[in-house]
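> prediction below, plus the sequence it came from.
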Amino acid sequence: MPRIFNPVDISQEEKEVRKDYFDRHTPVLICDSYATKGEKFKVKIRLGTEYTHPDDSDHFINYVQLWNRETFIAETHFAPGTLGNKPEHVEVDFYIVPGAVTMNLSAMSACTKHGLWQSESKEVAIRKS
């Protein structure tokens, strides 16, 4: 089983020392806290808030996934050079149609050199249409 990095599990001191490392790898969910049942709902996933990630032939973000609790929802893959072979923030928008009462969304990303990274979870309440 691969190790999954999650900044929540890391001490504040270590986060500060290695802030750039954690920031450029950790996915961040950007979406509303409410969605309407049966209607498209946009979820943006962005890697890094301050620091960009390399886009080299041997060091790049391979994929980004969206999860609702233990249920896999969506995934996108990147090839080396997708971001023009320069450091950049990886971003992807997913559009999902919720059907449950609530969602607890999280994201996973995979760096070809530094493994799997998990976002913090985000609770989304579902309103009836």
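Cool, got the structure. Residues are numbered from 1 along each chain as shown.
> what about stretch 110-119, how long is it end to end?
12 Å (C-alpha to C-alpha, to the nearest Å).
> run through who's touching that stretch.
For stretch 110-119, contacts defined as C-beta atoms under 8 Å, 6 or more residues apart in numbering pick out 2-6, 21, 25-29, 45, 47, 53, 58-63, 106-109. For glycine as for every other residue, the C-beta is placed from the backbone atoms N, C-alpha and C.
> with stretch 82-90 instead?
46-48, 52-56, 60-61, 64, 78, 109.
> farthest-separated two in these?
Arg46 and Asp56 (19.8 Å; C-beta to C-beta).
> which one of the two has more residues nearby?
Arg46 (18 against 14; other C-beta atoms under 10 Å).
> what does the pLDDT read for that one?
pLDDT, Arg46: 97.
> who does it form a beta bridge with?
Val28, Glu91 (DSSP bridges).
> residue nearest the middle of this structure, spatially speaking?
Pro27 (3.1 Å; C-alpha atoms, centre = their mean).
> longest strand anywhere in the protein?
If you go by DSSP state E, the chain has its longest strand at strand 102-111.
> quick check: mean pLDDT across the helix or strand following that strand?
Going down the chain from strand 102-111, the next helix or strand is strand 115-118, by DSSP states H and E. Strand 115-118 carries an average pLDDT of 93.
> the very next helix or strand once past strand 115-118 pairs with which strands, and in what direction?
Sequence-wise, the next helix or strand downstream of strand 115-118 (DSSP H and E) is strand 122-127. The sheet places strand 122-127 alongside strand 34-36 (parallel), strand 102-111 (antiparallel), with pairing taken from DSSP bridges.
> okay, buried residues for the first one please.
Going by neighbour count (16 or more other C-beta atoms under 10 Å), the buried part of strand 34-36 is Ala35.
> list the residues that contact Phe5.
Phe22, His25, Thr26, His114, Gly115, Leu116, Trp117, Gln118.
> apply 10 Å and report the result again.
Tyr21, Phe22, His25, Thr26, Ser109, Cys111, His114, Gly115, Leu116, Trp117, Gln118 (C-beta atoms under 10 Å, 6 or more residues apart in numbering).
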